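Undergrad: What follows is a protein structure lacking sequence information:
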């Protein structure tokens, strides 16, 4: 303790300063090293765990105390409980046998970047609160924009800019509100009930949530039906008609959400033609490229972004395919001022000469929350550790493994591929069998496959067809896992066919 | 590689499966251990860095390449660049000399919990996607509720429940939308323009943002003026009058946000009396206890929550005072069904027997996004590693150090404490000096103090008074840092007084 200033006597009742020290650096070092070994061992063994957790609802409550402990428990006890109580209840997203939803994509580099993000714990709501956090995010967003060959109008080095959000939902909400306020500033907030938003019946479910959050009348949310002949992509001519009908009713078209790689079947909406329709109606166009957008870092997929110069904003989630762990969604905008106009706060306690001079970006005005973490570190580590060429290779390897799976499905007469494969998702199903209900058959197959714990895949239904989804994307997946998964599926199907035929 | 199924030939053009392996467990182990040592060393040295970054806008752009690298760079190079390029641009929130805003509160236990959260990378949007993630969050939320002596109506073991959000903004947005939709379902969405929301002029700036996000007409957002005689808390009698006037205008009172520990001066709104006013008008009442709510785990502060049984929801942020790193906000609700009704999505691709049976919680319907991380791990580690008694001691030690600072201020006739200290924030200023403008004087003092890099504090202005804010709360702060900070402030003040008097 420094000596007190002269004339000042430290009160005798003052507690021994920090007798409880929750961040002793050497204690930190010791425990964090133990945690690293625990995690490395987990990654080494993860393929041996049942990929889909086999516990029943309520499993954990009975294993844990109802109240928090009054006194400290030892680190080793807690780590042991992670192994014994938590891990059995985890569905292992990092297992190489995970082919469900869209798998989560991770890497050593992003992990270390995330450790440093946690370490610094900067709360970078504005520039001065941590200049490096704001500036690295700007650099990284421009790097990724370069990799996607986005027009300069989306880059800080041009006239736009990018920001890291946690989720696509947040990206969509912020841009929708920017679009909404731009229009309401003209027509008056009393007309909020006239605003209409557009997506397809394949647009992610978050879109409806976002529109409801933003106060859009639910009956003005258009989920335009897609057709099998368009491969479940949104048709520009149908969009035009729907908009026209709304305009004739005196409604105001506001916002169009198009998708590169829909969740059910990875359908791709034709951006250029759709944007032209929307542009004629002065609407905001947002591209949700959460999954498929990542592939556009490869020249052979970049054409899916053709027409991007005609849209207002684009989001994609590196946590889905670019090795960066969860809650990492990139959002680029042509006109960030519009989002700032809608979301800006300016409390006295955050004012400072830099923000006042408008010479710096205040990222709190580009997002829902005020606080924000130093998330760009993980992308920076990831991009530098691997380089663009390896990231392209990563996308291509996953696609190649999906092609392997597709061929295996096609080689078996009992199965069929239901929708065309575009990225690393294969939609398939057991064909009609002896008059049994095909949907029920495939539901049972899915349940049996997943209950083995050897593979996890999920389903969808599009155009009235129930189908199984097999996505290659977990970072640890190798071709042997894909082939093994097919073996499990085939084995379960054969057993079922045998049961049904006998 | 497993042997291919008979009759199937692996295509010769197939890539060597995963020749690029971004998650090799032994490589992970090696690099993560290096990162741990880097971080432990950082924590050891953090007090020696200038706490407020002294860089100028644009500092980083020139140090980094404009484009991402094509080929990998070495881990050591990147870590060196963190040291040389990033750290100088960081405002060190973990420095023991950080007394600005509300400091960020961290611990070894929460760090390890966060490492495991990143490690598992579960995306727990619903129960089946990772049962342990949902169930541990439920357990931990009930634990914290127990520590706060919340009524059973806010707990899963009673009739309510809690959820982890990233920020207070998100907590407030979700509850506001739940409240909004409950009313609009009765009066019709066409009346959205009639809804009125209430806070005080001291309510956090996020509140206005939240209301705008939710489509509330900005002219219906009431920021009711507070008075010095109420110590800047919201007056129930004034609230009653404002509501009455709105009702007489045909408007519909919707939502009241009350605060335990306002950002500027840690004022506490009288919950019980305010809730009674709101209850009479069928409004939703939310408590924002982001900072001050944490103190209520100590019996001597619990009275601030008196009347909590009359409110609908409560949020507080352990990242502000309970050692848990950033983006960790707890939200409890009496009637979670209302939030689920407002935010529920139910796409085919996420359906499963557990969610359909309503026997489990689907946390995606309690928040803005779909994806969510396994954040309860860090709270679980923190609570078990330290126990309730140490956490209470932690709060009390910070308050005690703030009392020490307050006494130092009071011992110097040039200074005055401006508002009563309630938690660990002291609002103070240099008194009037020789006719010089007091605000300008204090602004200059702040700038000089912060430019030393030895201390970082911030300011606010309330009731027309510009004041300096000194908050004890950084985990590493000990009494010697508080005393040293006072020495710096006093030294700068003396120099200024000398300049102004000469």
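TA: Perfect, I can see it now. A quick note: this is a predicted structure, and the numbers were derived from the prediction, not measured. Residues are numbered from 1 along each chain as shown, chains lettered A, B, ... in the order given.

Undergrad: Could you report the neighbour count for the closest residue to chain B within the stretch 201-350 of chain A?
TA: Nearest residue of the stretch 201-350 of chain A to chain B: residue A:215, at 2.0 Å (Cβ to the nearest Cβ). Where C-beta positions appear, they are placed from N, C-alpha and C, glycine not excepted. Residues near residue A:215, counting by other Cβ atoms under 10 Å in any protein chain shown, number 27.

Undergrad: helix, strand or coil for residue A:164?
TA: Recorded secondary structure, residue A:164: strand (DSSP: H, G, I helix; E, B strand; the rest coil).

Undergrad: wait, it sits on residue A:137?
TA: Yes: shown here, residue A:164 and residue A:137 form a contact pair, counting by Cβ atoms under 8 Å, at 5.9 Å.

Undergrad: Could you tell me which residues touch both of the two?
TA: A:375-376 (Cβ atoms under 8 Å, 6 or more residues apart in numbering or on different chains).

Undergrad: Distance of residue A:376 relative to residue A:403?
TA: Going from residue A:376 to residue A:403 by Cβ to Cβ, to the nearest Å gives 34 Å.

Undergrad: And the two? Which one has more around it.
TA: residue A:376 (27 against 18).

Undergrad: which non-adjacent residue is nearest the more buried one?
TA: Using Cβ to Cβ, 6 or more residues apart in numbering or on different chains and skipping residues adjacent in sequence, the residue nearest residue A:376 is residue A:137, 4.0 Å away.

Undergrad: name the element that neighbour belongs to?
TA: Per DSSP states H and E, residue A:137 falls inside helix A:131-147.

Undergrad: Report the distance from that helix to the chain centre.
TA: Put simply, helix A:131-147 sits 19 Å off its chain's centre (Cα atoms, centre = their mean, to the nearest Å).

Undergrad: Stretch A:253-270 now?
TA: 15 Å.

Undergrad: and if you look at stretch A:160-169?
TA: On Cα atoms, centre = their mean, the centre of stretch A:160-169 falls 11 Å from the chain's centre.

Undergrad: Surely residue A:489 and residue A:448 touch.
TA: No: at 9.3 Å, residue A:489 does not count as touching residue A:448 under the criterion of Cβ under 8 Å.

Undergrad: Would you mind telling me which of these two has more residues around it?
TA: Higher neighbour count among residue A:489 and residue A:448: residue A:489, with 28 against 16, using other Cβ under 10 Å.

Undergrad: Relative to chain B, how far out is the closest residue in space to that one that isn't next to it in sequence?
TA: Spatially, and ignoring its direct neighbours in sequence, residue A:489 is nearest to residue A:449 (5.6 Å; Cβ to Cβ, 6+ apart). Relative to chain B, residue A:449 is positioned 14 Å away (criterion: Cβ to the nearest Cβ, to the nearest Å).

Undergrad: Over to residue A:183?
TA: Residue A:183 is 13 Å from chain B, by Cβ to the nearest Cβ.

Undergrad: State whether that residue and residue A:251 are indeed in contact, as I suppose.
TA: No: Residue A:183 is not in contact with residue A:251 according to Cβ under 8 Å; the separation is 11.7 Å.

Undergrad: quick one: common contacting residues for those two?
TA: The contact lists of residue A:183 and residue A:251 share residue A:195, where a contact means Cβ under 8 Å, 6+ apart.

Undergrad: The two: which is more packed in?
TA: Between residue A:183 and residue A:251, residue A:183 has the larger neighbour count (other Cβ under 10 Å), namely 21 against 17.
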